[in-house]
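> The following block contains a protein sequence and its predicted model.
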Amino acid sequence: MKIDKARNLALKILYDINEKKAYSNIVLDKYINKNREELSNLDIGFISELVYGVITWKLTLEYIVQKYSKIKIKKMSEWVKNILMLGSYQIIFLDKVPKSAAVNESVNLCKKYNYKSANFVNAILRKIEKSDYQNIDDIKETNKRISLKTSMPEWFVDKLINEYGEKEALEICNNLNLRPNNTVRINRLKGNIEIGNQSILDDFRTITGTKNIVKMPEYINGNISIQDESAGLSSFILNPKEGETVLDACSAPGGKTTYLAEIMNNTGSIVAWDIYEERLKQVDENAKRLGINIIKTEVKDASIYDKAYDKKFNKILLDVPCLGLGVIRRKPDIKWNRNEENIDEITKIQYQILKTCSKYLKDDGILVYSTCSILKEENINIIEKFLEEEEFEIVDISDKVKKDFKYVNEKNTIELFPNEKHDGFYIACLKRK
């Protein structure tokens with residue numbers, strides 16, 4: 001019996017993600033690098049497709065498998081469950097994989113990891129058809145239908161429907177399942193280079209195809225950084241000038257910090273905080289690679305007031321910790337590691353950081369608050385509460401935002417919903433009254 005190597009590695013990766021709570025991107029890279037000599041580019045692409053596909057569609061796949069299984073999924077062994085997820089994903093979502101191959105390879109895997117369940121796996125997968133996914137459209141309850149059709153947690157779907165309506169909620173959920181583009185930022189300090197396709201912001205390019213960007217000479221030499229445009233937009237909106245003193249209070253791993261330095265032409269000073277020293281090392285490494293020397297990293301909790309920084313900064317960027325629900329397409333694990341109870345906890349931290357760091361802003365300074373989330377509790381609700389309690393106002397930034405970005409006019413803050421061009425993001429620009 002010959003075991004397909006790509007499927008076997010995908011299964012091991014999924015096992016580590018579920019059993020050891022490992023991050024999908026980290027464990028995927030570990031296994032691929034360990035076995036790279038034995039893998040073709042086609043194998044590597046197939047492994048990534050299987051791993052991210054199963055994680056992305058976990059809820060939907062479990063629902064369909066459970067239709068045909070008398071054994072509850074939560075009572076199955078981890079190996080059997082993941083083999084069923086791998087097989088059903090191939091049958092339902094991969095048109096180029098024959099059903100017979102998906103079934104037979106899954107049975108072979110089961111014979112290797114849990115021999116006594118091979119007949120069970122064979123029986124379940126033979127019953128599953130692509131129509132099982134299409135039949136979800138017949139579910140009458142709107143939130144359940146959207147949840148299963150897009151494989152999003154029902155609590156999250158409920159939130160989106162309540163905040164944006166059914167049509168917008170469905171569009172957001174569908175877009176969060178799109179495969180993201182590889183987007184890079186051109187380093188202004190080293191001059192323009194010819195790479196990729198022009199994006200919405202002038203400094204960004206989209207690179208098509210599967211490429212290991214960190215191995216590219218342009219990355220190694222510091223000509224580019226990996227960053228989504230929506231993430232770069234917060235630095236673009238803050239727009240620090242040469243010679244100014246800037247605070248990035250939640251800096252690591254440094255994508256926004258280094259973009260601020262590039263905008264400033266590496267002239268002035270940037271103080272970069274994070275609560276973890278290890279993460280700040282990434283900021284220093286990125287700055288060195290890009291030829292930037294105006295960033296000073298400090299281990300510091302941005303939520304705790306320090307009088308030494310009172311009214312010290314011309315510009316402040318607060319890309320605060322958040323639930324990250326706007327970047328699910330890049331990190332599908334997020335939706336299974338978050339729940340509604342997390343909202344209250346994270347919003348307290350966000351508000352405390354905003355309230356504390358606002359005291360560090362000079363009287364004529366500008367502060368940008370941003371998250372990579374799309375829930376109102378983390379975004380406009382925080383801002384409106386802050387404006388009620390503090391002598392601040394929203395800055396009109398409509399002239400800075402191109403029409404390609406979705407823009408919330410009535411609040412004059414930027415609300416980016418995820419789409420084929422960029423991730424979901426929220427940005428508010430503030431100044432003292």
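Great, that's in hand.
> can you tell me how far Cys110 sits from Ile397?
Per Cβ to Cβ, to the nearest Å, Cys110 is found 56 Å from Ile397. For the C-beta atoms, the positions are set from N, CA and C on the backbone; glycine is no exception.
> Between the two, which is the more surrounded one?
Neighbour count, other Cβ atoms under 10 Å: between Cys110 and Ile397, Cys110 has more, with 25 against 19.
> remind me which residues of this structure are low pLDDT?
In the predicted model of the chain, residues 210-211, 401-410 satisfy pLDDT under 70.
> The stretch 51-200 of the chain: strands as residue ranges?
For the stretch 51-200 of the chain, applying DSSP state E, counting those that start in this stretch gives strands covering 182-186, 197-198.
> what's the answer for the stretch 251-400 of the chain, then?
269-274, 295-299, 313-319, 361-371, 392-394.
> Could you work out which of the ones you listed reaches nearest to Leu59?
Leu59 sits nearest to strand 361-371 of all those, at 24.2 Å, using Cβ to Cβ.
> Can you name every helix or strand that the closest one contacts?
helix 229-238, strand 313-319, helix 341-357, strand 425-432 (3 or more Cβ pairs under 8 Å, 6 or more residues apart in numbering; DSSP states H and E).
> could you dump the strands of the stretch 251-400 of the chain to TSV with mean neighbour count?
Converted to TSV, those look like this (neighbours: other Cβ atoms under 10 Å):
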stretch	mean neighbour count
strand 269-274	23
strand 295-299	17
strand 313-319	25
strand 361-371	20
strand 392-394	15
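> Of the ones you listed, which is nearest Tyr219?
Nearest of the strands of the stretch 251-400 of the chain (Cβ to Cβ): strand 295-299, 18.8 Å.
> count of neighbours near the closest residue to Asp158 other than its chain neighbours?
Of all residues not flanking Asp158 in the chain, Asn143 sits nearest, at 5.4 Å (Cβ to Cβ, 6 or more residues apart in numbering). Per other Cβ under 10 Å, the neighbour tally for Asn143 reads 20.
> So what does Ile139 have for phi and psi?
phi -70, psi 130 (degrees, to the nearest 10).
> contacting residues for it?
145, 148 (Cβ atoms under 8 Å, 6 or more residues apart in numbering).
> Can you get me the start-to-end distance on stretch 318-325?
Distance across stretch 318-325, first residue to last, is 18 Å (Cα to Cα, to the nearest Å).
> ok, now stretch 355-374?
21 Å.
> List the residues that contact Asp363.
With Cβ under 8 Å, 6+ apart, Asp363 has these contacts: 311, 432.
> Tell me the spacing between it and Glu242.
Asp363 is 21 Å from Glu242, by Cβ to Cβ.
> rewinding a little: to Ile71, which of the helices and strands packed on strand 361-371 lies closest?
That would be helix 341-357 among the helices and strands packed on strand 361-371, by Cβ to Cβ, at 29.6 Å.
> Just the buried residues of the closest one, please?
Of all the residues in helix 341-357, those buried under the rule 16 or more other Cβ atoms under 10 Å are 343, 346-347, 350-357.
> Centre of the chain to it, how far?
20 Å (Cα atoms, centre = their mean, to the nearest Å).
> Could you do stretch 124-135 as well?
With Cα atoms, centre = their mean, you get 30 Å for stretch 124-135.
> now do the same end-to-end measure for it.
18 Å.
> ok, and Ser48, which helix or strand is that part of?
helix 41-56 (DSSP states H and E).
> ok so, going back, save the strands of the stretch 251-400 of the chain as CSV, and put in distance to Ile55 too.
Listed next are these as CSV, based on distance: least, Cβ to Cβ, whole Å:
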stretch, distance to Ile55
strand 269-274, 27
strand 295-299, 32
strand 313-319, 25
strand 361-371, 23
strand 392-394, 38
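> Compute the number of surrounding residues for the closest residue to Val368 other than its chain neighbours.
Among residues not flanking Val368 along the chain, Leu238 sits closest, at 4.4 Å (Cβ to Cβ, 6+ apart). Close neighbours of Leu238, defined as other Cβ under 10 Å, add up to 24.
> Stretch 169-179: which residues count as buried?
169-173, 175-177.
> typed the wrong thing, it's stretch 93-112
So for stretch 93-112, counting by 16+ other Cβ under 10 Å, buried means 93-94, 97, 99, 101-103, 105-110.
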